[in-house]
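Trainee: A structural model of the following input is requested.
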Amino acid sequence: MSDRPYLLERVGEAAIAQLYADGFSALPLREKLLVWHLYHAALAGRDIFFDQRYAHNLEMRAVLEEIVTHPAGIDAEALAEILRYTKLFWINIGPFNNLTARKFLLTCTPDALRGAAHQAASHGARFPVHEGESLDDMLRRMEPLFFDLSFESICTSKTPGAGRDILDASANNLYQGVTMADLEGFEERYGLNSRLVRSGDRLVEEVYRLEGRYGKEIAAIIGHLETAIPYATQTMAKALAALVKYYRTGEDKDREAYDIAWVSDRSSPVDTINGFIEVYLDARGMKGAWEGLVYYVNHDKTEAIRTLAREAQWFEDHMPWDPAYRKQGVTGVTGNAVEVVVETGHAGPVTPIGINLPNDQHVRERHGSKSVSLANVADAHEKSTPRGFRSEFSWTPDETERAETWGAFASELLTNMHEVIGHGSGRIEERLKGNPQAFLREHFSALEEARADLVGLYFLPDPKIVDLGLVPAESHAEIVLAQYEAYSRNALVQLRRMREGSQIEEDHMRNRQMVVHWLIANTTAIDVRMREGKTFHVMKNAAAFREGVGRLLAEVQRIKATGDYDAAKALFDTYGIHFDPALRDEIVVRVEELNLASYTGFVMPRLELVRDDAGLVTDVAISYPMDFTAQMLEYSGKSREDRRPRR
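Mentor: Next up is the predicted model:
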């Protein structure tokens, strides 16, 4: 399988790669059918996140897909640009870069788009015109969405500048007509699963549930989940039933019951994440973005992550923070390496490589957490990335050799530690009532990601890692160096993703910038050096690196545990948000010469039922489309081949 394709195409600064799920064909039929139904539950909610990310997304997508599926007679240059923009739109779930949150534009003229739309309409395309609106009226109304960079320019703006409100400055669809000042004294009942809207002089929570907002999509999700239940294990069936109840009621007590049921299912070979989960999209870190994932356990790669989970109490007892913030009696920590079959919504096509849930701090402390390392995603990332980027940013040939030998291994181990003993660790003060997000607001997510990274970085050199059999003793020092060097380099390399502006909005990138620049400023671990006009981060002292990580981790945990907003703000304002555009420009030139993408979207595996002559299902076949456009159109219920006029 070493010669099969991973990197399929480049679209601007984005790469598109194929994701493989090699173990699926060997699953028992019952588990395949369970995956099949959960797969469709994940696809059924796709449009929810499109709408959450931007109120105009679904209309914009409809315009683009109608043109792409009715291309006959359209000017070739205009069609090529529309297809380029459409692919970026699909990858990023709308017109905002997935990492920078900044808007990107269609670069043909409005007249060219108009001509393409009219030509497509003459061949049967049907556009989302409003009642009484002509096609030209619709295109004029939507013109700022495609062509005006000053119109709703940032999806999520956590640092909009002096005098600007973070909600008002954010173009996402989690709030309408609401500012932070409006929330003073307002008691949210549905903080995670609602859109908050101003109606006259009051605020209204539009709850995401069966009889509420997104009711049509939620009804479809429920239908697929209920069909899946007979194929699930007993513990998973209980969790799926609890999820269905939560989707019906939207009540927080039912969300908590689902979280507990889900985290209590520690042995099912197939699992799903489906719901309003992560809060990165929300500038204030409260509203959950919808996502759907389906995966099964990769038993060959699971032992390392399960070892960490079994030893969670040891790591908790040795955390370098105030003992008052250490958990006692750690239970229920589960870890698995998994193979993903599908990721949608907030989770795809641009996907995470590790997940730890639930996010509810009270549930974590009382019932534990589940961590998954997305093994096939990490593998696809590694195999679709150009080899030269390591040597370009390494100071010495020895550093390059370490990166080539141990980089992937060390990265996977750090990801496992981040998810299992990072996110799953620590206690917070009772006065926070299990909700540090409400106190840390726009800085919570970046702080939590930093905390999890720091835990992994701190324990990576510990002899315990060798004792547990996670790394070979003779290579431990080299593995530590490889990871510390890679982490230091990453603060430079990730600047390629911010092609505009001088500040970072995405929480994971804020985290990494903060950690590295804090170490540069407060330890002797990392030097900033120049050679032949190029900038390098040189990790020169691993002991100082670890000592600094321990000090910073203790402070980060204190900030989370006490809800110290001012300290969190100072930390990220000083080290994590702002960057030098000239340095960014240097990095962009270097990565362009390497053909290194800024981010990657994945083509997911495709499932199809196999029936015998009597119509009975005998198998579920998996295939790999190798065609991003075809998959996105299929998900939208369209096809490039179906160009017949619609009646």
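Trainee: If I look at Gly332, what pLDDT would I see?
Mentor: The model reports Gly332 with a pLDDT of 63.
Trainee: no no, Arg644
Mentor: Here the pLDDT value assigned to Arg644 is 36.
Trainee: Lys327 now?
Mentor: Reading off the confidence values, Lys327 has pLDDT 89.
Trainee: Over to the one 10 residues further on?
Mentor: You'll see Ala337 listed with a pLDDT of 92.
Trainee: Contacts only, for it.
Mentor: Neighbour list for Ala337: 297-298, 300-302, 304-305, 372-373, 375 [criterion: C-beta atoms under 8 Å, 6 or more residues apart in numbering]. Any C-beta I mention is one placed from the backbone N, CA and C, and that applies to glycine too.
Trainee: For the helix or strand hosting Leu38, list every residue counted as buried.
Mentor: Using DSSP states H and E, the secondary-structure element containing Leu38 is helix 29-44. For helix 29-44, burial by neighbour count (16 or more other C-beta atoms under 10 Å) applies to 31-44.
Trainee: Report the buried members of the contacts of Ala337.
Mentor: By neighbour count, with 16+ other C-beta under 10 Å, the contacts of Ala337 hold 297-298, 301-302, 304-305, 372-373, 375 as buried.
Trainee: With pLDDT, distance to Pro386 and secondary structure as added columns, please give the residues you listed in TSV.
Mentor: TSV is the format used below for these (pLDDT from 0 to 100; distance: C-beta to C-beta, whole Å; DSSP: H, G, I helix; E, B strand; the rest coil):
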residue	pLDDT	distance to Pro386	secondary structure
Val297	96	31	strand
Asn298	94	26	coil
Lys301	88	25	helix
Thr302	90	30	helix
Ala304	86	27	helix
Ile305	88	28	helix
Val372	92	28	strand
Ser373	91	24	strand
Ala375	93	22	helix
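Trainee: out of those, which one sits closest to Glu382?
Mentor: Of all the buried ones among the contacts of Ala337, Ala375 has the smallest distance to Glu382: 10.7 Å, by C-beta to C-beta.
Trainee: next SSE after the longest strand seen in the chain?
Mentor: Secondary structure of the chain read by DSSP state E shows that its longest strand is strand 333-345. Scanning forward in sequence from strand 333-345 by DSSP H and E, the next helix or strand is strand 354-357.
Trainee: what's that next one in contact with?
Mentor: Here strand 354-357 makes contact (C-beta under 8 Å, 6+ apart) with 259, 262-263, 273, 277, 293, 369-374, 415-416, 418-420, 422-424, 452.
Trainee: related to what we said a few turns ago, quick one: mean pLDDT over the helix holding Leu38.
Mentor: For helix 29-44, the per-residue pLDDT averages 98.
Trainee: name the helices or strands packed onto that helix?
Mentor: For helix 29-44, the helices and strands in contact under the criterion 3 or more C-beta pairs under 8 Å, 6 or more residues apart in numbering; DSSP states H and E are helix 215-228, strand 270-278, strand 289-297, strand 333-345, strand 606-611, strand 617-623.
Trainee: which other helices and strands contact the longest one?
Mentor: If I follow you right, that is helix 215-228. Secondary structure elements in contact with helix 215-228, counted by 3+ C-beta pairs under 8 Å, 6+ apart, are helix 29-44, helix 46-53, helix 234-249.
Trainee: Which secondary structure elements does the second one sit against?
Mentor: Spelled out, that is helix 46-53. helix 57-68, helix 215-228, strand 289-297, strand 333-345.
Trainee: Let me have these in TSV, extended by distance to Ser411.
Mentor: As requested, the helices and strands packed on helix 46-53 are exported to TSV (distance: least, C-beta to C-beta, whole Å):
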stretch	distance to Ser411
helix 57-68	33
helix 215-228	33
strand 289-297	19
strand 333-345	14
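Trainee: Worst mean pLDDT among the ones you listed?
Mentor: When the mean pLDDT of each of those is compared, strand 333-345 ends up at the bottom with a mean of 94.
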